[in-house]
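Enquirer: Sharing a model prediction with you, sequence too.
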Number of protein chains: 2
Amino acid sequence: MSTIYDVARAANVSPKTVSRVLNGDAPVGRETRRAVEKAMAELGYVPSSAARTMRSNRSGLIGLVTGAISLNPEQPSLSGLPDLFIVQGVQKSLEAAGMTLLISDTGGNADRVPSLLRTFVQHRVEGIIFVADYHKQVKLPPLPGETKLVLANCFDAAGTPAIVPDDMQGQRQLVRRMIGEGHRRIAYLTLSRSLVATGLRTEGYRAALEEAGLAFDPALVIEADVTPPDPEAEERLLTRALDQVLALSDPPTAICLGNDRMAVRAYGLLRSRGLELPRDISVAGFDDYRAIAESLYPKLTTAELPYAQIGARAAETLLALIRGEAHSDGTPERVRGRIAWRDSVQPPPATSITISSHGRKTE
Amino acid sequence: MSTIYDVARAANVSPKTVSRVLNGDAPVGRETRRAVEKAMAELGYVPSSAARTMRSNRSGLIGLVTGAISLNPEQPSLSGLPDLFIVQGVQKSLEAAGMTLLISDTGGNADRVPSLLRTFVQHRVEGIIFVADYHKQVKLPPLPGETKLVLANCFDAAGTPAIVPDDMQGQRQLVRRMIGEGHRRIAYLTLSRSLVATGLRTEGYRAALEEAGLAFDPALVIEADVTPPDPEAEERLLTRALDQVLALSDPPTAICLGNDRMAVRAYGLLRSRGLELPRDISVAGFDDYRAIAESLYPKLTTAELPYAQIGARAAETLLALIRGEAHSDGTPERVRGRIAWRDSVQPPPATSITISSHGRKTE
DNA sequence: CGATGTCATGACATCGGTGTCATAATCGCA
DNA sequence: TGCGATTATGACACCGATGTCATGACATCG
């Protein structure tokens, strides 16, 4: 593998001049530059980032830690893959900046984080991005002083720069739009209440109701999922919650589920109770897990978790930190997702509106 | 950041001795070792892989190219994520060997491969793994002579070491087991015939029939999907194919679909035709895309694509190559997946068996 | 016209490890 | 008991870039 010296010799210049051509950090004569470029091409020269790193302390590497890639046989694929979209977003932004991504996976085992970080330090990464599999608070092991760090899809108590999804706005927009379709009684069967997202989304749900002048009915909001995942409990909770809201004297015409996977199960349960979707009742998910949402019939209306954007923003924030631009105001940056409006939410059936004393629409 | 010299001074030894403690490549006195380790701990010393790479030409890095992480907005998530399990498998094996993974994503754009490879060369990766999003033949741009390369989930004409799923055996085992449940008429609605996997799986399907002494009926095998994905065409093809086999005078009691996503759609179509699953008809998928297979009702029986294992084998093969162990026999290594036997395949209904002239079972 | 600044280039030291070779002490065994 | 093998350690050069400083040729300006 040829070196900068080989190129210098071939172009009849000094190595330093070749370096200048490479980095464009000082003027180089037109003819000289041409000669150097020719020599580089002919020799197939590719600079060694190791050598550059050593002298200049810029490795061009960014470390990323995720638990995402990991498939945990015990714990199927609840969180699973989606946060890889975050990685994708990160990668795209970093590549544009000429950085290369070093990805490590905890394999679901938080104990391994220190060891992964050590590997990163060995490679002298210029910054680290920590990606969580779902919106949560984390506590990271202490990092060697100056390390630049950004959190994606999570945040910590120390005010480390963080990018998270705007769960509140997501649910709010979704419910607002459902109300726009004519729904007045909207149930919300949530993920485990222990999740950060659940609190925020419930806020969004209530905000949307309030804006529309609708009363908040606690009977319509039920925690119907658990963390960590447990197929049996999930089944039981969702079934009970569904039956509970359906049995209300004034039952909902639409149901929001905590995520798209819950929505899949809700489809099955509702059908087995003789309801036809989306005619008899509307259903909405959350996450926009496309492999699911687009395959179902009817195609699932849901709120997007803007993973790719979270990744992109995390990368941009980190690059800014590296450039030395102060950035952190201590509050996580919230990224708003789109509403994926598909077919599972339709205007409420006329009968239902009539039955419920909230009828205001015609026919 | 402290260096090996700092450690040497603190431990009162030469830098070379510290190096020996680090690498364990030469005997070091018990007391000396202890002193060095203490000094390293106190100084928080982490060796610079850049420096090591320069002198020893071992970067400890492996490059991995995938189109997988990429989300292509045009082309939803057909292939999408599953091959990330390959990455996971690779990572696990490499980490055990002390290697770090450099991951690059083509973003679905093959033109970017050369540029990604250049980045890898800059970082002096010791080998490269190329991961495809589905089993296919690929043609890679020429690599600088000696580069160690392994293909995962794909293969090329040049006989580059490659690891692929054993599609033939997967389908064969699946069908064999369905036959074991009593099915005699099994339809197979395949993915696009242009896919490598389709040919192999059809072979497997026929092999299983043959072993059971069942005749192969071409009317039961229909191409019912397209590549690249096109929601409209997919819908049309699957609908037509389903109706076609259901209308046969001797209709199937079970249907194999080309993948799990097709199975999801088949669930919907079959139900909308008044069939109850799994009572009236059995359905099987392929891939074992768990987020789907386990969420459906009934839970989908399917053949696993052993992504994690493919990744692990690819990593092991590459490590062997790097160690200089000749390995490539020019034929791709096939990795066999498990059958994920869930609830969607049940014994055929008695009536159906009676009607079909193949009846051999009772009741 | 001399002082100063910019362009273009090179010499040289240096980043932090490790390969090579040398050296001294100790050990095993003929 | 003597000699080759092994243990334990250090001196030194070197990997391939780049930072720093120096130098000469022009250009600009007061």
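Expert: Okay, I see it. Residues are numbered from 1 along each chain as shown, chains lettered A, B, ... in the order given.
Enquirer: Mind splitting chain A into its structural domains?
Expert: For chain A, automatic domain parsing gives the domain ranges A:4-47, A:61-160+A:308-335, A:167-301+A:341-355.
Enquirer: Around whatever residue of the stretch 251-363 of chain A ends up closest to DNA strand C, how many other residues sit close by?
Expert: With CB to the nearest atom of the strand as the measure, residue A:322 is the residue of the stretch 251-363 of chain A nearest to DNA strand C, at 18.7 Å. In short, each C-beta sits where N, CA and C put it, glycine included. Neighbourhood size, residue A:322 [other CB atoms under 10 Å in any protein chain shown]: 15.
Enquirer: Let me see the confidence value for it.
Expert: Looking at residue A:322, its pLDDT reads 92.
Enquirer: hmm, back to that, the domains of chain A: lowest mean pLDDT?
Expert: Mean pLDDT values for the domains of chain A show the minimum at domain A:61-160+A:308-335, a mean of 84.
Enquirer: interface residues of the stretch 1-150 of chain A facing DNA strand C?
Expert: Neighbours of DNA strand C within the stretch 1-150 of chain A, by CB under 7 Å from any atom of the strand: A:12-17, A:20, A:26-33, A:51, A:54-55.
Enquirer: now do 10 Å
Expert: Residues of the stretch 1-150 of chain A lying close to DNA strand C (CB under 10 Å from any atom of the strand) are A:8, A:11-21, A:25-33, A:35-36, A:50-57, A:122, A:124.
Enquirer: Drop anything exposed from those.
Expert: Buried subset of these (neighbour count, 16 or more other CB atoms under 10 Å in any protein chain shown): A:8, A:11, A:13, A:17-21, A:28, A:32-33, A:35-36, A:50-54, A:122, A:124.
Enquirer: Next step: the residues of the stretch 1-150 of chain A next to DNA strand C restricted to strands.
Expert: Using DSSP state E, no member of these sits in strands.
Enquirer: Please list which of the residues you listed also come close to DNA strand D.
Expert: With the criterion set as CB under 10 Å from any atom of the strand, the members of these near DNA strand D are A:8, A:14-21, A:25-27, A:29, A:50-57.
Enquirer: Now the domains of chain A in CSV, please, with extra columns for distance to chain B.
Expert: Putting the domains of chain A into CSV (distance: least, CB to the nearest CB, whole Å) gives the following:
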stretch, distance to chain B
domain A:4-47, 5
domain A:61-160+A:308-335, 4
domain A:167-301+A:341-355, 4
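Enquirer: Which stretches in chain A count as strands?
Expert: A:61-66, A:100-105, A:127-137, A:149-155, A:162-165, A:186-190, A:221-223, A:254-257, A:282-284, A:302-303, A:333-335, A:339-340.
Enquirer: which one of the ones you listed is the most hemmed in?
Expert: strand A:302-303 (a mean of 32; mean count of other CB atoms under 10 Å in any protein chain shown).
Enquirer: In terms of secondary structure, what does that strand contact?
Expert: Here strand A:302-303 touches helix A:167-180, strand A:339-340, going by 3 or more CB pairs under 8 Å, 6 or more residues apart in numbering or on different chains; DSSP states H and E.
Enquirer: Out of these, the one nearest DNA strand D is which?
Expert: Nearest of the helices and strands packed on strand A:302-303 (CB to the nearest atom of the strand): helix A:167-180, 43.5 Å.
Enquirer: For the closest one, which outside residues touch it?
Expert: A:135, A:186, A:188, A:196-197, A:200-205, A:207-209, A:211-212, A:214, A:254, A:256, A:282, A:284, A:286, A:301-305, A:334, A:336-337, A:339, A:341, A:345 (CB atoms under 8 Å, 6 or more residues apart in numbering or on different chains).
Enquirer: and that helix, how far out from the chain's middle?
Expert: Offset of helix A:167-180 from its chain centre (CA atoms, centre = their mean, to the nearest Å): 19 Å.
Enquirer: got the angle between that helix and strand A:186-190?
Expert: With axes from the mean of the first three to the mean of the last three CA atoms, to 10 degrees defining the directions, helix A:167-180 sits at 150 degrees from strand A:186-190.
Enquirer: What are the buried residues along helix A:167-180?
Expert: Residues of helix A:167-180 classed as buried by neighbour count (16+ other CB under 10 Å): A:167-179.
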